[in-house]
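[1] no sequence on this one, just coordinates:
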């Protein structure tokens, strides 16, 4: 049931943001509002550059 926290860079504004790898809802960039992740029935589909796994569980 555990998941990973992932640092993702926005493709539009290059803001770096940490999000949960199993996001249940759409996650938008805090700066420009573009979509960084969409739910996909388990692991979220990421729409940015994955920089690192911040914390693995």
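    Here it is on my side, so go on. Since the model is a prediction, treat every value here as computed from it, not as a measurement. Residues are numbered from 1 along each chain as shown.
[2] what's the longest strand along the chain in contact with?
    If you go by DSSP state E, the chain has its longest strand at strand 48-55. By C-beta atoms under 8 Å, 6 or more residues apart in numbering, the surrounding residues in contact with strand 48-55 are 4-11, 16, 18, 21, 36-37. For every residue, glycine as well, the C-beta is placed using N, CA and C.
[3] how about a cut-off of 10 Å?
    Here strand 48-55 makes contact (C-beta atoms under 10 Å, 6 or more residues apart in numbering) with 2-12, 14-19, 21, 27, 29, 34-37.
[4] partners of it in the sheet?
    Strand pairing for strand 48-55, determined by DSSP bridges: strand 5-10 (antiparallel).
[5] Give the buried residues for the partner strand.
    Under the neighbour-count criterion of 16 or more other C-beta atoms under 10 Å, strand 5-10 has 6, 8, 10 buried.
[6] Then stretch 14-26?
    Buried residues in stretch 14-26, counted by 16+ other C-beta under 10 Å: 17, 19, 21-23.
[7] Over to stretch 31-49?
    By 16+ other C-beta under 10 Å, the buried positions in stretch 31-49 come out as 35-37, 44, 46-48.
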